[in-house]
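>>> build me a model:
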Amino acid sequence: MQLTTAGSLSGNRQIKAGVLGLIVLAIIWELAAWIVAGSDRNLIMFGLGLVVIALVFNILNDWRSGVLIFLVWLLFEDLARKYLGNSLTVYFAKDFLVGVAYLSFYFAKRRGDVEVFKPPFLLPLGLFFALAFVEVFNGFSPNVMYGFLGLKLYFYYAPLMFLGYAMLKGPADLDRLLKVSLIAGIVISALGIAQSVLGVSFLTPENSEAELYEMSHLVRYSPITHQEVFAPSSVFVSAGRFSFYLILLWILAMGAQGYFLLSRKTYSMYSFLGIGVITVAVMITGTRTPFVFVIGSIFVMTAAFLWGAPWRWGQGHRLVKALRRGFLVGGLGLILMVEIFPTVIGGNWSFFSETLAISGQGSELTARTWDYPVQNLMGAISEGNLLTGHGTGMSSLGMQYVSRFLEEPLPGFEVESGFGSVLVEMGVFGLLLWFFWVSVLLWQGWKVVRTLRETVYFPLGFAIWWYAVVGLVLLMYFGIQFYQNFVNNAYLWLLTGVLYRLPQLALMPQPVPIPRHLRGAPRWRLAMLGR
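Numbering: from 1, shown residues only. Prediction:
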């Protein structure tokens, strides 16, 4: 009997080995055929497929590292799309990876290995989701596919707040998240700067798809001096996505800089370098949005940092030092760029100064900040169906892909107002629910920020809260593109979970050194001072 069992096991192993050998031979044969035919695209897709398989196994084994893997893939995915003909397979790879991370997190939750986040804004967000789901089946929508696209853009990355909350077991996890985000941001910003100097052919193939070609070959002209301004896209498929990413990156780098300095972390070099590179990248985007919002964020975050600095513990000067060094590094970066490539900076500065002047020839300040957004909002109201809307997804990004798949004309609901887009899709009740859940999220988030005052986490906490204000309120006034852009949306939800986790980290021993004048003081005096 034992001999029979051993023989059968040996036979099974031989069969499995034979099948595996045939699979390997088939793969080798197919690869050889692609190489002979010169099919580089198939080879790249095959390589990316193997990478995805390896990443899936890694994420299932460790969902925390899976979140970081997803972020890196998210940031560099567009680069593959540029060279692979806008492949939808690549486009949805990020959604597959984050879906695997959700699944891995769920298994960890079932085992009791994670602490579950209970969002204080879950009820209003749930009401907004319920209405959005019902609106998928709105009779005015030509196809439910548009609705499911809208649901994905609004809510698919929302569970990242649970992962962001649970992944921070200690300060080391927070440091790792910030370090990965900053290093990737520095690389992407530097590539954008290089593209503005080397030209659009750098990182952008000339034979790219028509829909991508237009977005990545954007050229503007200053209205008075008529200087040509190229808007780089860096690793992304569009200049707009790059400019939106820079807003997120600058706010995050500024918050990380304050946190690293207060906690005496060696990672502060990444935030210092990031501030300099990102500031230069903002100046060469040829896009006014990041320029205006970074300037505004400088004033808001400076005032907030001075308000929330740990003055009682003698560490407020470190935040002042962080601000001073940030401005210094950013200024040095701009001076260096002006000295080496004056034409690039000069053209962008002419475009910004001429179009953002308070008045005069070429000024678009009033038109862009009031006339155009209000006109679009009025246009959304004039579309009709204010009570029921036209259905979720009917004014969202990516509608052209659904239209192409369905082989039907694109519905004509293009509204460049974020609030107007919600109104067109879900009617007045949808807009009211949007304001409801956003208000609760921001109010509850502000209460968290206040609890972080005079801790090392305050600069980062305020930066995350301010980013939510920018994304959910200020830029929604101009359009829904910022919120529905997958990079900004994923970071918004992930950082929301991080924000609500920071008070738990603040309860741990704070890495704040004793001020010089208290060193050597008796223990009773330090105890009286709360040290």
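
>>> so, low pLDDT: which residues of this structure?
By pLDDT under 70, the weakly predicted segments of the chain are 1-48, 311-323, 412, 509-531.

>>> can you map out the strands along this structure?
Remark: strands assigned in the chain by DSSP state E are 218-221, 228-231.

>>> hey, which of those strands is tucked in deepest?
Among these, strand 228-231 has the highest mean neighbour count (mean count of other C-beta atoms under 10 Å), at a mean of 20. Just so you know, the C-beta spots here come from the backbone N, C-alpha and C atoms, and that holds for glycine as well.

>>> tell me how far that strand lies from the chain's centre.
Distance of strand 228-231 from the chain centroid (C-alpha atoms, centre = their mean, to the nearest Å) equals 24 Å.

>>> so what does it touch, helix or strand wise?
Counting by 3 or more C-beta pairs under 8 Å, 6 or more residues apart in numbering; DSSP states H and E, the packing neighbours recorded for strand 228-231 are strand 218-221, helix 342-355.

>>> buried stuff in the longest one?
So the one you mean is helix 342-355. Val344, Ile345, Gly347, Asn348, Trp349, Ser350, Phe351, Phe352, Glu354, Thr355 (16 or more other C-beta atoms under 10 Å).

>>> would a markdown table of the strands of the chain with distance to Glu77 be doable?
Formatted as a markdown table, the strands of the chain follow (distance: least, C-beta to C-beta, whole Å):
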| stretch | distance to Glu77 |
| --- | --- |
| strand 218-221 | 20 |
| strand 228-231 | 20 |
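
>>> closest to Ile381 out of those strands?
Ranking the strands of the chain by proximity to Ile381 (C-beta to C-beta) places strand 218-221 first, at 30.2 Å.

>>> list the helices and strands that closest one packs on?
Contacts defined by 3+ C-beta pairs under 8 Å, 6+ apart place strand 218-221 against strand 228-231.

>>> partner strands of the strand it packs on, with direction?
The pairing partners recorded for strand 228-231 under DSSP bridges are strand 218-221 (antiparallel).

>>> for the partner strand, C-alpha coordinates in PDB please.
C-alpha atoms of strand 218-221 as PDB (Å, rounded to 0.1, in the frame of the first residue of the first chain):
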ATOM      1  CA  LEU A 218      -0.600  71.700 -24.700                       C
ATOM      2  CA  VAL A 219       0.900  75.100 -25.600                       C
ATOM      3  CA  ARG A 220      -0.300  78.500 -24.300                       C
ATOM      4  CA  TYR A 221       0.700  82.000 -25.200                       C
END
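
>>> begin at 42, not 1, for the rest of this chat.
Got it, the first residue is 42 from now on, which makes the last one we talked about strand 259-262.

>>> gap between it and the chain center?
Here the centre of strand 259-262 is set off from its chain's centre by 25 Å, with C-alpha atoms, centre = their mean.

>>> now what about it, what contacts it?
Contacting residues not belonging to strand 259-262 are listed as Gln268, Glu269, Val270, Phe271, Ala272, Ser274, Ser279, Ala280, Gly327, Phe392 [C-beta atoms under 8 Å, 6 or more residues apart in numbering].

>>> with those in mind, which one is nearest to Leu138?
Ser279 (21.7 Å).

>>> OK, contacts around the closest residue to the closest one other than its chain neighbours?
Nearest non-adjacent residue to Ser279, counting by C-beta to C-beta, 6 or more residues apart in numbering: Met256, 3.6 Å away. Going by C-beta under 8 Å, 6+ apart, Met256 touches Ser274, Val278, Ser279, Ala280, Gly281.

>>> swap in Val443?
Contacts of Val443 (C-beta under 8 Å, 6+ apart): Asn184, Met186, Tyr187, Leu190, Gly434.

>>> quick revisit: farthest-apart pair in the contacts of strand 259-262, please.
Gln268 and Ser279 (22.1 Å).

>>> between the strands of the chain, which gets nearest to Tyr206?
Evaluated with C-beta to C-beta, the strands of the chain place strand 269-272 nearest to Tyr206, the distance being 36.3 Å.

>>> can you tell me what sits against the closest one?
Under the contact criterion C-beta under 8 Å, 6+ apart, strand 269-272 has outside partners 237, 240-241, 259-263, 280, 284, 326-328, 388-389, 391-392.

>>> what does stretch 503-517 give?
By C-beta under 8 Å, 6+ apart, the surrounding residues in contact with stretch 503-517 are 288-289, 292-293, 295-297, 299, 330, 334, 338, 341-342, 345-346, 349, 459-460, 479, 482-483, 486-487, 489-490, 493, 523-524, 529, 532-533, 536-537, 539-540.

>>> give me the subset of those residues lying in helices.
288-289, 292-293, 295-297, 299, 330, 334, 338, 341-342, 345-346, 349, 459-460, 479, 482-483, 486-487, 489-490, 523-524, 529, 532-533, 536-537, 539-540 (DSSP state H).

>>> show me where the stretch 442-572 of the chain has its helices.
For the stretch 442-572 of the chain, the helices defined by DSSP state H, counting those that start in this stretch cover 459-492, 499-510, 522-525, 527-547, 564-569.

>>> and for the stretch 42-191 of the chain?
Using DSSP H, counting those that start in this stretch, helices in the stretch 42-191 of the chain cover 43-78, 81-102, 104-124, 129-132, 134-151, 163-176, 185-196.

>>> okay, angle between the last one and helix 134-151 too, please.
Translated: helix 185-196. Helix 185-196 runs at 60 degrees relative to helix 134-151, counting by axes from the mean of the first three to the mean of the last three C-alpha atoms, to 10 degrees.

>>> who's in contact with helix 185-196?
136, 170, 173-174, 176-179, 182, 432-435, 437-440, 442-443, 446-447, 452, 466, 525, 527, 530.

>>> what about 7 Å?
For helix 185-196, the surrounding residues in contact (C-beta atoms under 7 Å, 6 or more residues apart in numbering) are 170, 173-174, 176-178, 182, 432-435, 437-440, 443, 447, 466, 525.

>>> residues of that helix that come out buried?
Buried residues in helix 185-196, counting neighbours by 16+ other C-beta under 10 Å, are found at Met186, Tyr187, Gly188, Leu190, Gly191, Leu192, Lys193, Leu194, Tyr195, Phe196.

>>> now do the closest residue to the fifth one other than its chain neighbours against Ser462, distance only.
In other words, Gly191. Closest residue to Gly191 apart from its sequence neighbours, by C-beta to C-beta, 6+ apart: Gly434 at 2.7 Å. From Gly434 over to Ser462 the distance is 10 Å, taken as C-beta to C-beta, to the nearest Å.

>>> what do you get for Ala408?
Distance, Ala408 to Ser462, using C-beta to C-beta: 20 Å.

>>> Ser257 touches Thr245, doesn't it?
Yes. Assessed by C-beta atoms under 7 Å, Ser257 is found in contact with Thr245 at 4.9 Å.

>>> okay if I get the contacts of Val443 as TSV plus distance to Phe203?
Formatted as TSV, these follow (distance: C-beta to C-beta, whole Å):
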residue	distance to Phe203
Asn184	31
Met186	28
Tyr187	28
Leu190	23
Gly434	24
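
>>> between Ala408 and Ser462, which is the more surrounded one?
Using other C-beta atoms under 10 Å, the more surrounded residue of Ala408 and Ser462 is Ser462, with 29 against 12.

>>> doesn't Ile521 make contact with that one?
Yes. If you go by C-beta under 7 Å, Ser462 and Ile521 touch, sitting 4.2 Å apart.

>>> residue contacts, Phe170?
By C-beta under 7 Å, 6+ apart, the contact set of Phe170 is Phe196.

>>> swap in Lys220?
With C-beta under 7 Å, 6+ apart, Lys220 has these contacts: Tyr308, Tyr311.

>>> one more pass at 6 Å, please.
Residues counted as contacts of Lys220 (C-beta atoms under 6 Å, 6 or more residues apart in numbering) are Tyr308.

>>> tell me the spacing between it and Ala297.
Distance from Lys220 to Ala297, by C-beta to C-beta: 9 Å.

>>> distance of Ala531 from Ala344?
Separation of Ala531 from Ala344 (C-beta to C-beta): 29 Å.

>>> compare neighbour counts for those two and give me the winner.
Taking neighbours as other C-beta under 10 Å, Ala531 and Ala344 compare with Ala531 leading, 21 against 10.

>>> shouldn't the more buried one be in contact with Tyr198?
Yes. The pair Ala531 / Tyr198 is scored as a contact, 4.5 Å apart, by C-beta atoms under 6 Å.
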